[in-house]
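Novice: give me a 3D structure for the following:
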Amino acid sequence: MRRVPLHDIEAERALIGAAIIDPLLVERLAHLQAADFYRTEHAEIWAAMQALSGQVWDTVALRAELTRRGAGEGTLRALREAEEAAISAAHAEQHAEVILERATRRRMVEAAERIRGLAQLPGDVRDLVDRAEAAMTVVADRRRAREPIGSPQAMVRALRWIEAQREDGGRTGVTWGLPTLDQRTTGMQPGELWVLAARPGMGKSALAMDVAIAAAREGTSVLICSLEMQIEQLGTRALCAMARIPIERARGGSLSHADMEGLQRAVHEAAALPIWWYDDPDATILDIRAVARRLRQRDPRLGLVIVDYLQLVETAGEQQPEARHLEVAQISRGLKKLAGELALPVLALSQLSREVEKGKRPPQLSDLREIGRA
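Specialist: The predicted model follows:
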């Protein structure tokens, strides 16, 4: 069986030559990082090009930047080779795809080695599987460690963000379904962990369902992880919310003919929404993260995870905190890690302690049940 090589030096040289002809390529290919290049000299050249991105530069300025970075003679020679071989910038995108594809294959090999090492470690196998899945998720998403960028690139990205804010009316994240909240928060941004807290029976789950429906109506896929309700209960909440029927009437069986017609219309709309339902009262933080990772592979549009609710989630593994409030804090960190790993917001519901009812003041973080106790 023919083996595919793990690098393509000619593609790397051709892309660098194309960028010399058309420096704007570097900005258009911002997703391509220096770490994607196999040859160290090419990686150094690309990093220098990225540092100059956003300003007018030529090979003289590029050499000066490489010298400032302490590049050796080998790197300068590689630059000359690319410059002499440069003919056209027409196929730059194809060269970039080849470089990324080869880099992904190399990361697969690295991930396989890490997974092999994990398999031989002692400890809870579920934790080891979670770490193994995380290693493969990084490869699948072709994510790389962040590298520092120059001020020109940073300012260009900041200006684009400001322009996007203006075009979207101040919201760039996933909608809450509430215009005032969208305006105050700019929506739920990727990597953020939001906590929706209230005393029992105050409507946390109902509000979370409204948020899920609003986001799904805009095309964002939503994963609802419920440790408290079963699918039937969750679906009933969704249908009643969309049909604008009090859920008490559905529970009590006192629905009119008009109510049933409204529910039938809601069924057709809800069935078309990109909402995924997961009910497991015994779910651990590792389970939730694994489910979200697998779903992202299945549905790349996944843009919001809702967990109902925080205090019902359990940790997994042998090293569990002795105190429950430390355990819940660990779970919160796990959800925050999930938000960053998949680059999406996570909305976690939480109960407030009884202390809130005793004082006449707004709730604080220390009032979150089983978190604020020391």
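Novice: please count neighbours and contacts with C-alpha atoms only from this point.
Specialist: Will do.
Novice: ok, residues contacting stretch 302-309?
Specialist: 174, 190, 205, 208, 212, 220-228, 292, 295-296, 344-351 (Cα atoms under 8 Å, 6 or more residues apart in numbering).
Novice: with stretch 180-190 instead?
Specialist: 169-176, 194, 303, 339-340, 343-345.
Novice: stretch 100-107 now?
Specialist: With Cα under 8 Å, 6+ apart as the test, stretch 100-107 has contacts from Pro5, Leu6, His7, Asp8, Leu32, Asp36, Phe37, Tyr38, Val139, Arg142.
Novice: of all those residues, which comes closest to Arg160?
Specialist: Leu32 (19.1 Å; Cα to Cα).
Novice: next, count neighbours for that closest one.
Specialist: By the measure other Cα atoms under 10 Å, the count of residues near Leu32 is 18.
Novice: ditto for Met202
Specialist: Count around Met202 with other Cα under 10 Å applied: 11.
Novice: just Arg3 next, same as before
Specialist: Arg3: 5 surrounding residues under other Cα under 10 Å.
Novice: next, it: secondary structure please.
Specialist: The three-state label given to Arg3 by DSSP: H, G, I helix; E, B strand; the rest coil is coil.
Novice: now restrict the contacts of stretch 100-107 to buried residues only.
Specialist: When the contacts of stretch 100-107 are checked for burial by 16 or more other Cα atoms under 10 Å, the buried set is His7, Asp8, Leu32, Asp36, Phe37, Tyr38, Val139.
Novice: reformat these as TSV; add secondary structure, pLDDT and distance to Ser254.
Specialist: Output for the buried ones among the contacts of stretch 100-107, formatted as TSV (DSSP: H, G, I helix; E, B strand; the rest coil; pLDDT from 0 to 100; distance: Cα to Cα, whole Å):
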residue	secondary structure	pLDDT	distance to Ser254
His7	coil	90	67
Asp8	coil	92	69
Leu32	coil	86	59
Asp36	helix	92	62
Phe37	coil	94	66
Tyr38	coil	93	68
Val139	helix	72	53
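Novice: can you pick out the most distant pair from those?
Specialist: So, those by Cα to Cα: farthest apart are Asp8 and Val139, at 18.7 Å.
Novice: on that earlier part again, between the contacts of stretch 180-190, which is nearest Gly262?
Specialist: Sorting these by distance to Gly262 puts Trp176 at the head of the list, at 23.9 Å, by Cα to Cα.
Novice: which residue packs closest to that closest one, ignoring adjacent ones?
Specialist: Val211 (5.0 Å; Cα to Cα, 6 or more residues apart in numbering).
Novice: which SSE is the closest residue in space to Thr75 that isn't next to it in sequence in?
Specialist: Of all residues not flanking Thr75 in the chain, Glu41 sits nearest, at 4.6 Å (Cα to Cα, 6+ apart). According to DSSP states H and E, Glu41 maps onto helix 40-52.
Novice: longest helix anywhere in this protein?
Specialist: Secondary structure of the chain per DSSP state H: the longest helix is helix 92-119.
Novice: buried set for that one?
Specialist: Buried, per 16+ other Cα under 10 Å, within helix 92-119: 92, 95-96, 98-108, 111, 115, 118.
Novice: please apply the same query to stretch 196-206.
Specialist: In stretch 196-206, counting by 16+ other Cα under 10 Å, buried: Leu196, Ala197, Ala198, Arg199, Lys204, Ser205, Ala206.
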